[in-house]
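Chemist: Here's my sequence, what's the structure:
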Amino acid sequence: MNLVIKPKEGRRFDLVALGEVMLRFDPGEDRISTTRAFRVWEGGGEYNVARALKRCFGLDTAIVTALADNAIGSLIEDLLYQGGVDRSYLRWVPYDGVGRTVRNGLNFTERGFGLRGGVGCSDRGNTATSQLKPGDIDWGRLFGHDGTRWFHTGGIFAGLSSSTAEVAEEAMVAARRHGAVVSYDLNYRESIWKGVGGENRAQNVNRALAKHVDVIIGNEEDFTAALDSRSRMEVLRFPSLMSLATSGWRRHWSPPIRTSPSSQRRCAARRPRAETIGAPCVSRAGGRTRRRLVAIWKSSTASEGATPSPPG
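Modeler: Presented below is the predicted three-dimensional model:
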């Protein structure tokens, strides 16, 4: 079945994302544990897609999220302004003064370089977004009155709490009812799931959500850990699935590197298909989801007009 998107006419948004937006602390070239200064940005696996489509292609995008109503939340909101993503469905939650009942998520991320990948340390327990519950968002207004061509969420949001998985399913059902394409980035993170049941819990949640998905996104680890699926064909058995976006089922990817010949030989011994080019690579967090969804979006616009198959 071909993936197609409805025309923009009569719809306010090209894409709506559902997920947490955290305050990201960047130590630059330093390590988190030794730096004395950070730059701050906004970021989140699902939000990054909406921001990239807005900033790179000028598409009309929105984020559905929640923030604790304090100065940190206001800083995140200011960063959202700069990203250009619509904030009509940003939900503010009263703050208790110290974060006993609600807080905003913080994400400390070191940059990777060459053979070394990026390193993250999140502080996101009991956040406003993790406390979203079914009924908190007016999906009828969003998908019925405002309208969107595409709805995107992912496994990070679904894993924040038991209620966020229910919110994701509620949103998917409403999106498909109104003809929007639904995409889901598995984006498996051990840190998200290890305290709430690990891989078994992730697989149960993701398999329940996959039946509402048109486009599923992931890599080898995502499909095995988050879905317990060992082949492409097994994943494609989900009834509504129209497209599978993956960075390669076999894991032989390596960042481009520029090192000594001996280092290159050691890398090649560890990753037989590693590709070496004459330029260093800085590993940027959040890049994979943006690259994949943008590719899907651009490839599918050539066949606009048809309606995704309704849920069974």
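
Chemist: if I pick S88, what's in contact with it?
Modeler: A62, D146 (Cβ atoms under 8 Å, 6 or more residues apart in numbering). For every residue, glycine as well, the C-beta is placed using N, CA and C.

Chemist: So for it, what's the pLDDT?
Modeler: Note on S88: pLDDT of 97.

Chemist: For it, give its distance to V16.
Modeler: 10 Å (Cβ to Cβ, to the nearest Å).

Chemist: do T153 as well
Modeler: Noted for T153: a distance of 9 Å to V16, by Cβ to Cβ.

Chemist: And for R103?
Modeler: R103 is 25 Å from V16, by Cβ to Cβ.

Chemist: Compare T153 and V16 (neighbour count), which wins?
Modeler: It is V16, of T153 and V16, that has more neighbours when counted by other Cβ atoms under 10 Å, with 31 against 28.

Chemist: residues touching the more buried one, list them.
Modeler: For V16, the contact set (Cβ under 8 Å, 6+ apart) comprises 50, 61-64, 89, 142, 148, 150-152, 175, 180.

Chemist: Please, where are all the helices along the protein?
Modeler: Listed in chain order, the helices of the chain (DSSP state H) span 45-57, 71-83, 139, 155-158, 162-177, 190-193, 198-210, 220-221, 227, 232-235, 261-270, 287-300.

Chemist: pLDDT averaged over the fifth one, what's the number?
Modeler: To tie it back to what came earlier, the one meant is helix 162-177. For helix 162-177, the per-residue pLDDT averages 97.

Chemist: How about exporting it as PDB, limited to the C-alpha atoms?
Modeler: Presented in PDB, the C-alpha positions along helix 162-177 are these (Å, rounded to 0.1, in the frame of the first residue of the first chain):
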ATOM      1  CA  SER A 162       1.200   4.600  31.900                       C
ATOM      2  CA  SER A 163      -1.100   7.500  31.200                       C
ATOM      3  CA  THR A 164       1.000   8.900  28.300                       C
ATOM      4  CA  ALA A 165       0.700   5.600  26.400                       C
ATOM      5  CA  GLU A 166      -3.100   6.000  26.800                       C
ATOM      6  CA  VAL A 167      -2.900   9.600  25.600                       C
ATOM      7  CA  ALA A 168      -0.900   8.500  22.500                       C
ATOM      8  CA  GLU A 169      -3.500   5.800  21.600                       C
ATOM      9  CA  GLU A 170      -6.300   8.300  22.100                       C
ATOM     10  CA  ALA A 171      -4.600  10.800  19.800                       C
ATOM     11  CA  MET A 172      -3.800   8.100  17.100                       C
ATOM     12  CA  VAL A 173      -7.400   6.900  17.000                       C
ATOM     13  CA  ALA A 174      -8.600  10.500  16.600                       C
ATOM     14  CA  ALA A 175      -6.000  11.400  14.000                       C
ATOM     15  CA  ARG A 176      -6.900   8.400  11.800                       C
ATOM     16  CA  ARG A 177     -10.600   9.100  12.300                       C
END
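
Chemist: So what touches that helix?
Modeler: With Cβ under 8 Å, 6+ apart as the test, helix 162-177 has contacts from 16, 18, 64, 129-137, 139-140, 142-143, 148, 151, 153, 157-159, 182, 184, 196, 205, 208-209, 212-214, 240, 308, 310-311.

Chemist: now, which of the residues you listed lie within strands?
Modeler: Among the contacts of helix 162-177, DSSP state E puts V16, L18, V64, T148, F151, T153, V182, Y184 in strands.

Chemist: From V213, how far off is the fifth one?
Modeler: Spelled out, that is F151. Distance, F151 to V213, using Cβ to Cβ: 10 Å.

Chemist: Ok, the third one next?
Modeler: As judged by Cβ to Cβ, V64 and V213 stand 17 Å apart.

Chemist: the more surrounded of these two?
Modeler: V64 (28 against 23).

Chemist: from what I can see the more buried one touches V85, true?
Modeler: No: V64 lies out of contact with V85 (Cβ atoms under 8 Å); the separation is 10.5 Å.

Chemist: Give me the common contacts of these two.
Modeler: Common neighbours of V64 and V85 (Cβ under 8 Å, 6+ apart) are A17.

Chemist: can you pull the pLDDT of R250?
Modeler: Confidence at R250, expressed as pLDDT, is 39.

Chemist: Of the contacts of V16, which is the nearest to T224?
Modeler: Using Cβ to Cβ, H152 comes nearest to T224 of these, at 22.4 Å.
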